[in-house]
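In: When you get a sec, could you give me coordinates for this:
(one chain, ligands or ions: 1)
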Amino acid sequence: MRTQVAIVGAGPAGLLLSHLLHRDGVESVVVETRSRSYVESRIRAGILEHSTVELLTSVGLGEQLTAEGDPHRGIYLQWPEERHHLDFVDLVGRGVTVYGQTALQADLGRARDAAGQEIHYEVADTALHDLGTEHPSVTFVDGAGNAQRLEADVVVGCDGSFGPSRAAVPEDRRRAWERTYPYSWLGILADVAPSTDELIYAWHPDGFALHSMRSAKVSRLYLQVPNGTDLAEWSDQRIWDALATRLGHGQGGWTLSPGPITERAVLPMRSFVSEPMRYGRLFLAGDAAHIVPPTGAKGLNLAVADVALLAPALVALLRRGDPTLADAYSTTALRRVWRCTHFSWWMTTMLHTSSDPFEAQLQRAQLEWVAASTAGQTGLAENYAGLPIGF
Ligand code: PHB
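Out: Below is the predicted model:
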């Protein structure tokens, strides 16, 4: 098999890249180890930055997003007895949109189907070859058990943190930075109308809690829990009780409505950046190159921003023989990656309780400043609503 761009991974980054390349006349083939139904049903992020929405809409992916995405002006930031609304639209002129990654993945799948995109799901033994030459390739065993070789001009790794792409960069040609956090999130989806109009980020002595949502009938909520938490120890009652306490049920007349829990998982929290995002004819995008903790909902938006930079770079390289943008890709993308890495770390460490009482005092001082000062609010809003793609 031969194509111009071999894309490893059919998550949002891989499918969006194939979509953007196709629009500009560059062909690609996508390979993915998981099944299509797995990729389309996994529960991930739910917040799209302003520039993510603009990009998706401008490339013909906005139909469902416009109909079903829920525009939000801001968030609530709270701690016991206090709840503050930060209005991003007033502060920085742009808000965010609540739209689940599952919905975006379905939109991308439909668009790629309509374009006749070649995607191989459920492949095994994916390996990348000859990345330092102009004739790289990807080998894999297809769903029918046949060994395949996909020859390409360029390979793009959109295969997440544990895929083979980043590992294919020689160790002496990459450097990584990592921070693991001493806590995890217990996340649930529940069939109940959200108890809030905007997301609530809550600092509480028992631990952080977040009230998010997916639709008018589906809520998404999270609790800070210790690493290694066993879900079996968290009955539905215990989860809703902890959420009610931490989110301030009963304060100022606000109540949290519980409902049937349809999905639950414990999610580790990690910051990770690998540089550079390019080695020879291999380019990395999304989680293959960087991971952010979920506080602030940057992961999906960063993946979209990577691809928005990479697609025109590959079009210029492959259609016009112009390597300028491709050569700049890693440096340009990493500026935003580090900005979001800092913001996600900052939100995370401001809101999650630790065992250090001095740190808890600093957190309260920080929260009070962010909530009370226009400068503090604006800094949070600018990062949360998202910087322009070309930042
Ligand atoms: C979510 O809805 O899944 C979500 C929202 C905001 C976050 C993280 C996750 O900061």
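In: Check which helices and strands the lengthiest helix in the chain sits against.
Out: The longest helix of the chain (DSSP state H) is helix 324-351. Contact partners of helix 324-351 among helices and strands, from 3 or more C-beta pairs under 8 Å, 6 or more residues apart in numbering; DSSP states H and E: strand 199-202, strand 261-275, strand 278-279, helix 299-320, helix 357-372, helix 374-385. C-betas here are computed from N, CA, C, even on glycine.
In: can you tell which of these is closest to residue 29?
Out: Closest to residue 29 of these, according to C-beta to C-beta: helix 299-320, at 13.9 Å.
In: Could you confirm whether that closest one reaches the ligand?
Out: No - against the ligand, helix 299-320 shows no contacts by C-beta under 6 Å from any ligand atom, the least distance being 8.7 Å.
In: so what pLDDT did whatever residue of the stretch 1-150 of the chain ends up closest to the ligand get?
Out: Closest approach of the stretch 1-150 of the chain to the ligand (C-beta to the nearest ligand atom) occurs at residue 46, with a separation of 3.2 Å. Residue 46 carries a pLDDT score of 91 in this model.
In: Residue 148 too?
Out: 98.
In: quick one: secondary structure of it?
Out: Under DSSP: H, G, I helix; E, B strand; the rest coil, residue 148 falls in the strand class.
In: who in the stretch 201-350 of the chain is up against the ligand?
Out: So the stretch 201-350 of the chain meets the ligand at 210, 212, 220, 294-297 (C-beta under 6 Å from any ligand atom).
In: For the residue nearest to residue 275 when sequence neighbours are not counted, grab phi and psi.
Out: The shortest distance from residue 275 to any non-neighbouring residue, by C-beta to C-beta, 6 or more residues apart in numbering, is to residue 175 (5.5 Å). In this entry, residue 175 is assigned phi and psi values of phi -140, psi 140 (degrees, to the nearest 10).
In: before we move on, the earlier item: which single one of the residues of the stretch 201-350 of the chain next to the ligand is nearest to residue 236?
Out: The closest of these, once distances to residue 236 are taken by C-beta to C-beta, is residue 220, at 15.4 Å.
In: Take the helices and strands packed on helix 324-351 and lay them out in CSV including distance to residue 11.
Out: Output for those, formatted as CSV (distance: least, C-beta to C-beta, whole Å):
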stretch, distance to residue 11
strand 199-202, 23
strand 261-275, 16
strand 278-279, 19
helix 299-320, 8
helix 357-372, 32
helix 374-385, 23
